[in-house]
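**Student:** Test case, fold it:
(chains A and B)
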Amino acid sequence: MELKAATVSPPESKKKSRWPAVKKHRFYYYLILPGLLYFLIFDYVPMFGVIISFKDISPFEGVRGILTGEWVGFDHFVRFFQSYYFWNVLRNTFLISFYNLLFGFPAAIVLALLMNELKNGLFKRFVQTVSYLPHFISTVVVAGLIMMMLSTDNGLLNAIIVFFGGEPILFLGEPKYFRSILVVSHVWQTVGWGTILYLAAMAGIDPGLYEAAKIDGANRLRQAWHITLPGISHVIVIMLILSIGGLLNAGFEKVLLLYSPAVYEVADIIDTYVYREGLTSLNYSFATAVGLFKNLLAMTLILGANYFAKRMNQTGIW
Amino acid sequence: MGGIKPTRSERIFDAANIVFLIFLSLMFVIPFLAVLSTSFISAEESMRRGAFVLIPERLDFTAYDVLLNRGKIILNAYQVTLFRVIVGTFLNLLFTSMLAYGLARRSLPGRNGLVLFIFLTMIFQGGLIPNYMLMDTLGLKDTLWVLIFPSLVSAWNLFILRNFFMGLPEELEESAVIDGATPQLILFKIVIPLSMPAMATIGLFYAVHHWNDWFGASIYINDINKMPIQVIMRNILLTGITQNEAQLEYVRNPPPAATLKSAVIIISTLPILFVYPFLQKYFVKGVMVGSIKG
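**Tutor:** This next block holds a predicted model:
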């Protein structure tokens, strides 16, 4: 059993002198073993599974294909880069997540500023409770709510349009509305929860600063501009940099739940394309190649974002 | 307020702010209220009044009756969801805390390498198809365990908990060691009781994940008896019918599709809506803990 523990710790030059220390920690190695096995099986095995993107395997062969499949090198990647879908899904992925960031990010800051101005603690807690709510609702329910609100026969929004003499609009089937629906619902889902860290940072600002500003005759707007915002600026910068790492996450599940062929041109993102190619068309190798491309791109963004965070703040996320 | 009276413009601002935030709060609540009222509309009223009905003339419970009393699909799905919430969250906490506690030990040989081993999974993943093939190979498809095993330990929660363990005062353990306590005793008698609040917060995040997860179950489970509520709800939202068509015959006036869809949203969301306000502060605490770098 000691052997197992020893293999877990990476071999080093002074391994021999480490033996007593390893033995002494036997109990802790037993504790971490199940968790490490989990990461090995459910994370590292799929990581090495990306090898199938360089092969041609058919889903009917199962895993045997990983060994027997024909090696095709970068064929699948080349096919993806040259296909019509490449630019389409790349553009949609970036645009949707960029718009989400553009509208969702400042919205949380503004909401936090407005909540911070409330003097009535009870009302403030009410607004917080209500605005955090969407964070706890499943994506299926969010998609369901959107479908119900926008429905042409008894949706609330179309009822309002008809009331004012308009024609009902099939919102989810119209390319020109689809991204806006995603972005608006994204803001609805995230704006409340996004205020938590800002409100915490605001609570840490020295009240004396506000007193001094009041004596100097600064009104509330100026106080917010000159005291509150600078007081939370470090949080803002970190949050902004971190969100750059997520620029490829355009909200896969919500898109998958809401889109339809009618809006593919504006709605299809990398993840939904991988889903269709892989699980609907059963092009396992090709879908894995597209997924690998996305994951490498995402990794670059995350590492880059963390690098900047470190330079700005001397502390990364890690 | 420090003896300085609010000026007229400040009072106007305060009033406007309150009005705006009330309006905003309505925006968060209205979709739920609209769905709630739609879920009570009978077939007859829907035919007669058409379009969107804000307030039903009469509360019609047919949709709830159809979903809950005629056919077992919803109740069965609820059982599956409860199973994954209870068993899943328990296993999540067990595996996460064991790993976190071991990795929190500063003197553990090879610790940095092990942390890197886990950290790498946060920045690079195999992707959809390799995962799908893995579940297939392991024979997990169409079993309830596929709802639990693939997300057994979240690296993010793991590091939060590890930071918490590392923040416990070392003197506690040192004095226990002097008194002759074994590592096991220290873990069960000192560390676990001290970490209950942290475990509760992490457990809540895991539980909400289990309650809300749809995608994993939607691709790995084909057996209708093993589908959690989110998958069943999605199917009803998509088709507007329950999959108990046989039972529907007994209903004299089957509810309109919109009513049925609304009712299933309410049924699946109500538990969270009821529990959430009481647990909110734990969630908020969890966000704060996660943001502090250890």
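
**Student:** Going by C-alpha atoms from here, please, whenever you check contacts or count neighbours.
**Tutor:** Will do.

**Student:** Around chain A, pick out the residues from the stretch 151-294 of chain B.
**Tutor:** B:152-153, B:183-184, B:208, B:211-215, B:230, B:233-234, B:237, B:258, B:262, B:265, B:269, B:272-273, B:276-277, B:280, B:284, B:287-288, B:293 (CA under 8 Å from any CA of the partner chain).

**Student:** Of those, keep whichever come out buried.
**Tutor:** Burial by neighbour count, 16 or more other CA atoms under 10 Å in any protein chain shown: within those this picks out B:152-153, B:208, B:211-215, B:230, B:233-234, B:237, B:258, B:262, B:265, B:269, B:272, B:276, B:280, B:284, B:287.

**Student:** Among these, name the ones in strands.
**Tutor:** Nothing among these maps onto strands, per DSSP state E.

**Student:** Tell me how many other residues surround A:Gly192.
**Tutor:** By the measure other CA atoms under 10 Å in any protein chain shown, the count of residues near A:Gly192 is 24.

**Student:** After the helix or strand where it lies, which helix or strand is next? Please name it.
**Tutor:** Assigning secondary structure by DSSP states H and E places A:Gly192 in helix A:175-203. Next along the chain after helix A:175-203, taking DSSP H and E as the criterion, comes helix A:207-215.

**Student:** gap between that following helix and the chain center?
**Tutor:** 39 Å (CA atoms, centre = their mean, to the nearest Å).

**Student:** Just the buried positions in that helix, please.
**Tutor:** Under 16+ other CA under 10 Å, the buried positions of helix A:207-215 are A:210-211, A:213-214.

**Student:** And for stretch A:103-116?
**Tutor:** Buried residues in stretch A:103-116 (16+ other CA under 10 Å): A:104-109, A:111-116.

**Student:** if we look at that stretch, which residues are touching it?
**Tutor:** A:124, A:127, A:183, A:186-187, A:190-192, A:194-196, A:198-199, A:202, A:224, A:228, A:240, B:17 (CA atoms under 8 Å, 6 or more residues apart in numbering or on different chains).

**Student:** and with 7 Å instead?
**Tutor:** A:124, A:187, A:191-192, A:194-195, A:198-199, B:17 (CA atoms under 7 Å, 6 or more residues apart in numbering or on different chains).

**Student:** Pop the domain breakdown of chain A in here.
**Tutor:** Chain A resolves into domains spanning A:2-73, A:80-313 when parsed by automatic domain parsing.

**Student:** tell me the most buried of the ones you listed?
**Tutor:** Highest mean neighbour count of the domains of chain A: domain A:80-313, a mean of 18 (counted as mean count of other CA atoms under 10 Å in any protein chain shown).

**Student:** Okay, helices next: where are they in the stretch 101-250 of chain A?
**Tutor:** Under the criterion DSSP state H, counting those that start in this stretch, the stretch 101-250 of chain A contains helices at A:121-132, A:139-150, A:156-163, A:175-203, A:207-215, A:220-223, A:229-245.

**Student:** do the stretch 51-200 of chain B as well
**Tutor:** Going by DSSP H, counting those that start in this stretch, the stretch 51-200 of chain B shows helices at B:62-69, B:73-83, B:89-103, B:111-123, B:128-138, B:155-167, B:170-178, B:183-185, B:192-194, B:196-212.

**Student:** and the nearest residue in space to A:Ile96 that is not next to it in sequence, what are its phi and psi?
**Tutor:** Leaving aside its sequence neighbours, A:Ile96 sits nearest to A:Ala250 (CA to CA, 6 or more residues apart in numbering or on different chains; 5.7 Å). A:Ala250 adopts backbone torsions of phi -90, psi 10, taken as degrees, to the nearest 10.

**Student:** ok, so what distance separates A:Ala250 from chain B?
**Tutor:** 15 Å (CA to the nearest CA, to the nearest Å).

**Student:** Over to A:Pro261?
**Tutor:** Distance from A:Pro261 to chain B, by CA to the nearest CA: 15 Å.
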